[in-house]
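# Take this sequence and fold it.
(one chain, ligands or ions: 2)
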Amino acid sequence: MKRLVVALGGNAIIQAGQRGTAEEQQANVDLTCRQLAELVAAGYELIITHGNGPQVGNLLVKNELAREVVPPVPLHWCVAQTQATIGFMIQQALGAELQQRGIERVVATLVTRTEVSPDDPAWREPTKPIGLYYPEERARAIMAATGQVWKPQGSRGWRRVVPSPDPIAIVDRPAIELLLGAGAIVVACGGGGIPVVRRTDGRYEGVEAVIDKDLAAALLAHELGADALVILTDVPSVMLYYGTPEARPLEKVTVEELRRYQADGHFASGSMGPKVEAAIRFVSRKPGRRAVIAALDHAREAVEGRSGTQVIG
Ligand code: ADP
Ligand code: MG
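Residues are numbered from 1 along each chain as shown. Ligands and ions are numbered 1, 2, ... in the order given. Now for the predicted structure:
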């Protein structure tokens, strides 16, 4: 059975323009899981991972607004909490879709830790904006009180920035493998995983950072020996000259070609950049692998090589 790691983008859970109510999120996940059920029915073994940006953002807002009433929780707790709620929605939806198709499979969500290095250069320069926008004065007051780093983000005000270190190991991979071995479809490493560092005494410690979900998906796929990494997002494929009249889609591309386009600056750093980097990392680490970046609503065609950008060795 071919093993796929499927990474779901933000649009799989909250659509552009939505507020993101619980009902909206579950309805989107229902549609997403119809796509995923097709893959299960076609005989693929799935490990599902997903983004969590807006969901963590909402928890941070609650932290701030309720600060005087309940103690704020660390950022890595927020990641853990979103893994649970998003995993729950997927269990509900995918479970129902499979049942409807007469497929008896367990869907299990694993609260997953991802190791990052305390020596990662990202710690020196936090770059990832998260949570609320505040006026400069308020942001400076929070910085002074908490030691957090906030930076100006254009006309909307200031925003907290946190480091986004490279994932180096999926700490809970053995648990994922146990579940896969027992025949489960596993939701794991949501939001890139709960960031932890390994201390000198061997214990893991949660840290205030966020891990890019596409880079974590690439590592997860590598560690699990997946046949393909499938990154599903809100555009049909990777484009060259994106956003210009010369824009054109990339269909089949080698790692070498893709690296060249990457060096030429075709892929925006906060969005398509990490997907392209994830595809390159996964495919280049072992011969015979494939990565695909495609639209969520073409999941099956993408996996079968008929849609999206196919990245080969
Ligand atoms: P996700 O939530 O799926 O990770 P992102 O918003 O992070 O989605 O990334 C997808 C977005 O990347 C697209 O909606 C598109 O606006 C943007 N993008 C930037 N550069 C490119 C490119 N070269 N080709 C296609 N899309 C691009
Ligand atoms: Mg993204």
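# Let me know how buried residue 141 is, in neighbour terms.
The local packing of residue 141 (other CB atoms under 10 Å) involves 13 other residues. In short, each C-beta sits where N, CA and C put it, glycine included.
# distance of it from ligand 1?
31 Å (CB to the nearest ligand atom, to the nearest Å).
# helix, strand or coil for that residue?
Here residue 141 is recorded as helix under DSSP: H, G, I helix; E, B strand; the rest coil.
# That one: what's it in contact with?
In this structure, residue 141 makes contact with no residue, judged by CB atoms under 8 Å, 6 or more residues apart in numbering.
# any idea how far residue 69 is from it?
Residue 141 sits 19 Å away from residue 69, going by CB to CB, to the nearest Å.
# same thing with residue 201?
For residue 201 relative to residue 69 (CB to CB), the value is 36 Å.
# what's the answer for residue 283, then?
Separation of residue 283 from residue 69 (CB to CB) stands at 49 Å.
# what about residue 220, how many neighbours?
Residue 220, neighbours per other CB under 10 Å, totals 27.
# Say whether ligand 1 is contacted by the helix or strand containing it.
Taking DSSP states H and E as the definition, residue 220 sits inside helix 213-223. No. Helix 213-223 lies apart from ligand 1 when judged by CB under 6 Å from any ligand atom; the minimum separation is 6.5 Å.
# So what touches the helix or strand encompassing residue 176?
Using DSSP H and E, residue 176 sits in helix 173-181. Residues outside helix 173-181 that contact it (CB under 8 Å, 6+ apart) are 3, 45, 47, 106, 108, 110, 112, 170, 186, 188, 220, 223-224.
# Rebuild those as a markdown table, extending it with distance to residue 252, pLDDT and secondary structure.
As requested, the contacts of helix 173-181 are exported to a markdown table (distance: CB to CB, whole Å; pLDDT from 0 to 100; DSSP: H, G, I helix; E, B strand; the rest coil):
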| residue | distance to residue 252 | pLDDT | secondary structure |
| --- | --- | --- | --- |
| 3 | 22 | 98 | strand |
| 45 | 24 | 98 | strand |
| 47 | 24 | 98 | strand |
| 106 | 35 | 98 | coil |
| 108 | 34 | 98 | strand |
| 110 | 34 | 98 | strand |
| 112 | 32 | 98 | coil |
| 170 | 29 | 98 | strand |
| 186 | 29 | 98 | strand |
| 188 | 29 | 98 | strand |
| 220 | 24 | 98 | helix |
| 223 | 26 | 98 | helix |
| 224 | 25 | 98 | coil |
